[in-house]
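**Student:** fold the following and give me the result.
(one chain, ligands or ions: 1)
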Amino acid sequence: MKPLFITGGRVVDPARNFDDSADILIREGVVEKLEKELKQPPEAEVIDAAGLVVTPGLIDIHVHLRDPGQEYKEDILSGTRAAAAGGFTALAAMANTDPAGDDPSMIRYIYERAANAAAKVYPLGALTKGLEGKEMAELGRMKSAGAVGFSDDGRPVVDGTIMRNALQYACGIDAPVIAHEEDSYLFAGGVMHEGSVSSVLGLKGIPSAAEEAMMARDLLILKLTGGSLHLAHVSTAGSVELVRNAKAEGLQLTAEVTPHHLLLTDRLVKNSGYNTNTKVNPPLRTEYDRQALWAGLLDGTIDAIASDHAPHHPDDKDVEYDFAPFGIAGLETTLPLMLDEVASGRIKKFTLPLLVEKLTSAPARILDLPGGTLAPGSPADLTIIDLNREFIVNPETWYSKSRNTPFAGKRLTGAPVYTIVGGRITMKEGVVTENEKGA
Ligand code: DOR
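**Tutor:** Below you'll find the predicted structure:
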């Protein structure tokens with residue numbers, strides 16, 4: 001493999017508090033040197049990054065790849081291509097596949113299928129067998145096969161004893177548990193946030209309490225068991241407060257937020273004319289919640305940004321609001337949406353280094369993944385960004401098989417222009433190629 005020399009870019013590496021122009025030399029899939037000015041090896045492939053931003057490879061810790069079982073929505077190849085197109089070098093894949101990812105053979109299957117992919121895939125194992133919430137899955141064997149954490153995401157763990165045992169066991173094998181916080185009795189067949197908009201529209205609502213009650217339970221269990229708990233897609237002001245207080249008490253927990261919960265509210269369900277691409281779980285909440293999510297992200301209560309990429313086939317979404325599946329596809333929009341927020345200056349303290357931290361070092365820390373930094377010796381996973389690139393979200397051009405985004409047609413400023421995985425370019429100017437040597 002030829003060495004890769006990235007020269008003249010603004011390097012932003014929040015893990016080391018680094019934000020300065022520098023050259024980077026990559027050899028054999030590893031960051032060999034990063035210095036203000038390096039001598040260019042004559043045999044190297046060169047990327048002129050003048051005017052561009054170079055960051056550690058972005059990591060998305062919440063992705064649904066639908067493989068195996070629902071490959072008509074997405075598969076490992078299309079999902080990893082979408083990741084590379086969106087600037088991600090690695091992702092963690094949720095286990096709500098068909099069959100569920102509740103067994104070591106499923107973990108191995110994902111690694112095998114992703115071996116030459118355009119982005120690295122880290123499988124998450126199911127917490128319970130068949131995601132049924134009744135019997136704990138074989139976490140230890142899945143961990144040995146390479147599972148990086150455990151979750152029934154898409155479904156809550158209704159039985160508190162199962163959550164308790166899972167947290168206790170996962171603690172013993174040093175693995176995080178990712179919780180999808182939802183009290184299914186309070187959820188009770190709702191399709192959007194419960195509030196004035198759902199009343200006006202005549203749609204069944206999902207109260208904030210459905211999320212908060214379950215989260216409060218799990219935080220109490222965590223106090224009992226110890227271990228490490230990560231909260232997926234936090235969506236309400238009350239949840240942010242619960243996380244803030246639990247962290248202040250010293251509990252070991254982390255939390256993520258999605259771009260759609262940061263940017264949209266339940267009003268869009270009305271204003272879009274019941275567009276089913278606004279239907280997501282947890283639902284889009286109120287402006288009050290949205291502001292609280294930003295406050296939580298800025299003060300460190302919320303650790304990371306994750307897409308919760310939930311691809312669905314257009315036919316699945318082309319039904320009445322009540323019947324559409326929940327989910328928004330986000331791999332190809334997450335970074336541009338967030339860069340656009342930085343560019344706009346709408347959120348005062350939302351700087352580029354903070355955004356990069358939320359998409360690199362924070363997710364790497366949460367799941368204890370390699371990368372998240374450009375420190376010499378790190379894997380050569382990098383993202384190169386053009387902060388001034390303007391484009392319009394057009395799902396028809398996506399690498400993902402899905403099209404389900406409420407952001408279609410949105411004009412944005414800022415986009416990834418290179419994705420580099422293990423020292424190989426997997427996306428250049430929007431064009432994706434697989435990483436032949438293997439991810
Ligand atoms: O909207 C969602 N879709 N939320 C989830 O938790 C699961 C996901 C899916 O798998 O479609």
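
**Student:** the ligand contacts on the stretch 101-250 of the chain?
**Tutor:** For the stretch 101-250 of the chain, the residues in contact with the ligand (CB under 6 Å from any ligand atom) are 153-154, 180. The C-beta positions use only the backbone N, C-alpha and C, and glycine is treated the same way.

**Student:** got JSON lines for those residues, with pLDDT, distance to Pro42 and secondary structure too?
**Tutor:** JSON lines is the format used below for those (pLDDT from 0 to 100; distance: CB to CB, whole Å; DSSP: H, G, I helix; E, B strand; the rest coil):
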{"residue": "Asp153", "pLDDT": "96", "distance to Pro42": "49", "secondary structure": "coil"}
{"residue": "Gly154", "pLDDT": "95", "distance to Pro42": "52", "secondary structure": "coil"}
{"residue": "His180", "pLDDT": "98", "distance to Pro42": "52", "secondary structure": "coil"}
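
**Student:** for the ligand, state which of those is nearest.
**Tutor:** Top of the list for closeness to the ligand, among those and by CB to the nearest ligand atom, is Gly154 at 3.8 Å.

**Student:** the closest one against Ala126, yeah?
**Tutor:** No. Counting by CB atoms under 8 Å, Gly154 stays clear of Ala126, with 9.9 Å between them.

**Student:** next, show the common contact partners of those two.
**Tutor:** The contact sets of Gly154 and Ala126 overlap at Asn96 (CB atoms under 8 Å, 6 or more residues apart in numbering).

**Student:** and the gap between the spatially most central residue of the chain and the ligand?
**Tutor:** The central residue of the chain, meaning the one whose C-alpha is nearest the mean C-alpha position (CA atoms, centre = their mean), is Ala306 at 2.6 Å. Taking CB to the nearest ligand atom, to the nearest Å as the criterion, Ala306 is separated from the ligand by 11 Å.

**Student:** just checking, that residue touches Asp60?
**Tutor:** Yes. Contact between Ala306 and Asp60 holds when scored by CB under 8 Å: they sit 5.7 Å apart.

**Student:** mutual contacts of these two, please.
**Tutor:** By the contact definition CB under 8 Å, 6+ apart, Ala306 and Asp60 are jointly contacted by Pro363.

**Student:** re the thing from before, and the closest residue to the residue nearest to the centre of the chain other than its chain neighbours, how far from the ligand?
**Tutor:** Excluding the flanking residues, the one nearest Ala306 by CB to CB, 6 or more residues apart in numbering is His62, at 3.7 Å. Using CB to the nearest ligand atom, one obtains 9 Å as the distance from His62 to the ligand.

**Student:** mind checking pLDDT for His62?
**Tutor:** If you check His62, the pLDDT there is 98.

**Student:** again, but for Ile24
**Tutor:** Looking at Ile24, its pLDDT is 98.

**Student:** name the nearest residue to it, ignoring sequence neighbours.
**Tutor:** Closest residue to Ile24 apart from its sequence neighbours, by CB to CB, 6+ apart: Ile6 at 4.4 Å.

**Student:** ok, that neighbour - how many residues close by?
**Tutor:** Other residues near Ile6 number 28, with proximity taken as other CB atoms under 10 Å.

**Student:** Ala84 belongs to a strand, doesn't it?
**Tutor:** No. When classified by DSSP: H, G, I helix; E, B strand; the rest coil, Ala84 is found to be helix rather than part of a strand.

**Student:** show me the contacts for it.
**Tutor:** Ala84 makes contact with 118-119, 399, 419, 421, 426-427, 432, according to CB under 8 Å, 6+ apart.

**Student:** format the residues of the stretch 101-250 of the chain next to the ligand as CSV; extra columns: distance to Met106 and neighbour count.
**Tutor:** Below are those laid out as CSV (distance: CB to CB, whole Å; neighbours: other CB atoms under 10 Å):
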residue, distance to Met106, neighbour count
Asp153, 15, 22
Gly154, 15, 21
His180, 19, 23
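
**Student:** identify the residues contacting the closest residue to Glu28 other than its chain neighbours.
**Tutor:** The spatial neighbour of Glu28 that comes closest, neighbours along the chain excluded (CB to CB, 6+ apart), is Met1 at 6.5 Å. Listed by CB under 8 Å, 6+ apart, the contact partners of Met1 are 28-29, 423-424, 437.

**Student:** just the ones of the residues you listed in strands?
**Tutor:** Arg424 (DSSP state E).

**Student:** farthest pair in the contacts of Met1?
**Tutor:** Checking the contacts of Met1 against each other with CB to CB, the farthest-apart pair comes out as Glu28 and Arg424, at 11.2 Å.

**Student:** chain center to the host helix or strand of Asn245, what's the gap?
**Tutor:** Taking DSSP states H and E as the criterion, Asn245 maps to helix 237-248. Per CA atoms, centre = their mean, to the nearest Å, the displacement of helix 237-248 from the mean C-alpha position of its chain is 20 Å.

**Student:** next, the buried residues of that helix.
**Tutor:** Of the residues in helix 237-248, those scored as buried under the neighbour-count criterion (16 or more other CB atoms under 10 Å) are 237-240, 242-244, 246-247.

**Student:** and it, what does it pack onto?
**Tutor:** Contacting helix 237-248 under the criterion 3 or more CB pairs under 8 Å, 6 or more residues apart in numbering; DSSP states H and E are the following elements: helix 208-225, strand 253-257, helix 287-298.
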